[in-house]
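> sequence and predicted structure, then a few things I'm wondering about:
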Amino acid sequence: MTTNGTGWSRDDIAARAAAELVDGFTVNLGIGVPTAVANHIPEGRDVTLQSENGILGLGPFPSDPEVDADLINAGKQTITELDRTSYVSSADSFAMIRGGHIDLSVLGAMEVAENGDLANWSVPGQMIKGPGGAMDLVAGVPRIIVLMDHLSRTGEPKFRKSCSLPLTGRAVVDMLITNLAVFRREHRAAPFRLLELGPGVSLEFLRSNTEAFFLAE
Amino acid sequence: MRTKVFPDAGAALSGLLRDEMTIAVGGFGLCGIPETLIDAVLASGATRLTFISNNAGVDDYGLGLLIREKRVKRMISSYVGENREFERQYLAGELEIEFNPQGTLAERIRAGGAGIPAFYTRTGVGTALATGKEIRQFGGEDFVMETGLVADLALVKAWQADEFGNLVYRKSARNFNPVVATCSQMTLAEAEQIVPTGGIASDHVHTPGVFVKRLILARRNEKRIERRTVRPAKELP
């Protein structure tokens, strides 16, 4: 095994997250790499996508003549509807989210701590754009999968002892998929356990690029 | 029946606008925003305004038009990341922002409109947005108290209205509009179509006419798209 593998691509990460989708689930996908999870839903699994701007049952991106300015997802991308689609107000959409009616959310992150704390909404000293729906999702959805690069642009580990950035939620992450590895934990008081190493990634390399404690066996 | 229909946005807003007032506005991003009424607020000259709105438009469209003219004192929003002039004014200390988690913002508006002064939510507990707010335990878990929001004026965009003010929204342009329509004693709606009362099936009304005080035909329906995303032609069925 090499010690400097870069592991999975972003598309690989999205595909790995899609493998976690269970038949019959209702799922909210965050902006960025999480949106690409929709391209990898395994054959034969019926998954309903929810978008927090008020759509239950997202269809694929439109063909050019199908583009409708009144039909966008939470990332403000044009999309389409399905036979099952319903439109709701923002209040009803977050009743689905806050009320525990969404099974799973897949989100991006700036940092994740070993206790499952998540930071993904602001960097002190930079212009704050706002939390959008992320705080509601992590507070209300029972299962949270985070997708992120293992290291920051400056090479710092993003899976940390504790988050240095302002929190989005406390102890809310259940599964973490990075370009180097997959981590999961049984419940929100348990430590994370290494589940898979990315291609060409050694445990030693992973440990030297991870600040957080995790179980590996 | 006294009609709620006004000839245009200027007439509908006549006598309602003043400096320092709080205006709630429907829409998510640029989708479902009351474009015609925003233009009329811009034309009125009212300034130092507070807006309750999920987003702040973009530099040259939506609430961005009012920000560009330095007419906005304060935004109560969940996400303002698409607007560079907003950022410049904020960093220069010319503009205040009160961030809310998006679902908390929707519920605060809903609660305000329903006469509920406050509620408790799990959202935001343990984050900077809960700082200074009451925390209370229910079932051994922490919840943060959030207050209801009301506005001096509310502006919404509907697809169809009848002359009684019953409203129907279209697809994801519904978003914040139904709750915003409830959070003021003076709600103005602009609709792409106005039909005679009775023209909307009673079972299909999204916002009942009691919430709508004045109504205009929307003259501006530009409906700008922020991120036009299409399937490549080869994937077409």
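Done, it's in.
> for stretch B:13-32, the distance to its chain's centre please.
Put simply, stretch B:13-32 sits 7 Å off its chain's centre (CA atoms, centre = their mean, to the nearest Å).
> that stretch: end-to-end distance?
End-to-end distance of stretch B:13-32 (CA to CA, to the nearest Å): 19 Å.
> touching chain A at all, it?
Yes. Using CB under 8 Å from any CB of the partner chain, stretch B:13-32 comes into contact with chain A via B:28-32. Heads up, the C-betas are built off the backbone N, CA and C, glycines and all.
> continuing past the helix or strand harbouring A:Ala95, what's the next helix or strand?
Using DSSP states H and E, A:Ala95 sits within helix A:90-98. Next helix or strand after helix A:90-98 toward the C-terminus (DSSP H and E): strand A:104-108.
> beyond the lowest-mean-pLDDT helix or strand in chain B, next helix or strand please.
Among the helices and strands of chain B, helix B:84-91 carries the lowest confidence by mean pLDDT, DSSP states H and E, at a mean of 90. As assigned by DSSP H and E, the chain's next helix or strand after helix B:84-91 is strand B:96-99.
> check which helices and strands that following strand sits against.
Under the contact criterion of 3 or more CB pairs under 8 Å, 6 or more residues apart in numbering or on different chains; DSSP states H and E, strand B:96-99 touches strand B:72-77.
> low-confidence stretches in chain A?
Applying pLDDT under 70 to chain A flags the ranges A:1-5.
> swap in chain B?
B:233-237.
> from what I can see B:Asp162 touches B:Thr197, true?
Yes. Using CB atoms under 8 Å, B:Asp162 is in contact with B:Thr197, at 4.7 Å.
> those two: which has the busier surroundings?
Each of B:Asp162 and B:Thr197 has its neighbours counted (other CB atoms under 10 Å in any protein chain shown); B:Asp162 has more, 23 against 15.
> ok, now which ones touch that one?
With contacts defined as CB atoms under 8 Å, 6 or more residues apart in numbering or on different chains, B:Asp162 is in contact with B:194-200, B:209.
> in PyMOL, how would I select the buried members of those?
Those of those that count as buried under 16 or more other CB atoms under 10 Å in any protein chain shown are selected in PyMOL with:
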select buried, chain B and resi 194+200+209
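> in strands only, show me the contacts of B:Asp162.
Mapping the contacts of B:Asp162 onto strands (DSSP state E) picks out B:194-195.
> which among the contacts of B:Asp162 gets closest to B:Gly81?
Set against B:Gly81, the nearest of the contacts of B:Asp162 by CB to CB is B:Ile194 (34.8 Å).
> any idea how far B:Glu107 is from the residue sitting furthest away from the middle of chain A?
Computed with CA atoms, centre = their mean, the residue of chain A farthest from its C-alpha average is A:Pro65, at 31.0 Å. From A:Pro65 across to B:Glu107, the span is 38 Å (CB to CB, to the nearest Å).
> do A:Glu204 as well
Taking CB to CB, one finds A:Glu204 at 48 Å from B:Glu107.
> more neighbours: which of these two?
For A:Glu204 and B:Glu107, the more surrounded residue by other CB under 10 Å is B:Glu107, and the numbers stand at 26 against 10.
> which ones are touching the more buried one?
A:91, A:94, A:98, B:119, B:121, B:146.
> out of those, which is nearest to A:Asn39?
Closest approach to A:Asn39 among the contacts of B:Glu107 (CB to CB): A:Phe94, at 26.1 Å.
> burial measure for the closest residue to B:Val230 other than its chain neighbours, as a count.
What sits nearest to B:Val230 in space, not counting adjacent residues and going by CB to CB, 6 or more residues apart in numbering or on different chains, is A:Asp64, at 5.2 Å. Neighbours of A:Asp64 under the rule other CB under 10 Å: 12.
> how much space separates B:Arg110 from chain A?
4 Å (CB to the nearest CB, to the nearest Å).
> convert the helix or strand containing that residue to PDB, retaining C-alpha atoms only.
Here B:Arg110 sits within helix B:102-113, counting by DSSP H and E. The C-alpha coordinates for helix B:102-113 follow below in PDB (Å, rounded to 0.1, in the frame of the first residue of the first chain):
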ATOM      1  CA  GLN B 102     -34.200  28.700   7.400                       C
ATOM      2  CA  GLY B 103     -36.800  26.500   9.100                       C
ATOM      3  CA  THR B 104     -36.700  28.700  12.200                       C
ATOM      4  CA  LEU B 105     -37.300  31.800  10.000                       C
ATOM      5  CA  ALA B 106     -40.300  30.100   8.300                       C
ATOM      6  CA  GLU B 107     -41.700  29.100  11.700                       C
ATOM      7  CA  ARG B 108     -41.200  32.500  13.300                       C
ATOM      8  CA  ILE B 109     -43.100  34.100  10.400                       C
ATOM      9  CA  ARG B 110     -45.800  31.400  10.700                       C
ATOM     10  CA  ALA B 111     -46.000  31.900  14.500                       C
ATOM     11  CA  GLY B 112     -46.200  35.700  14.200                       C
ATOM     12  CA  GLY B 113     -49.000  35.400  11.600                       C
END
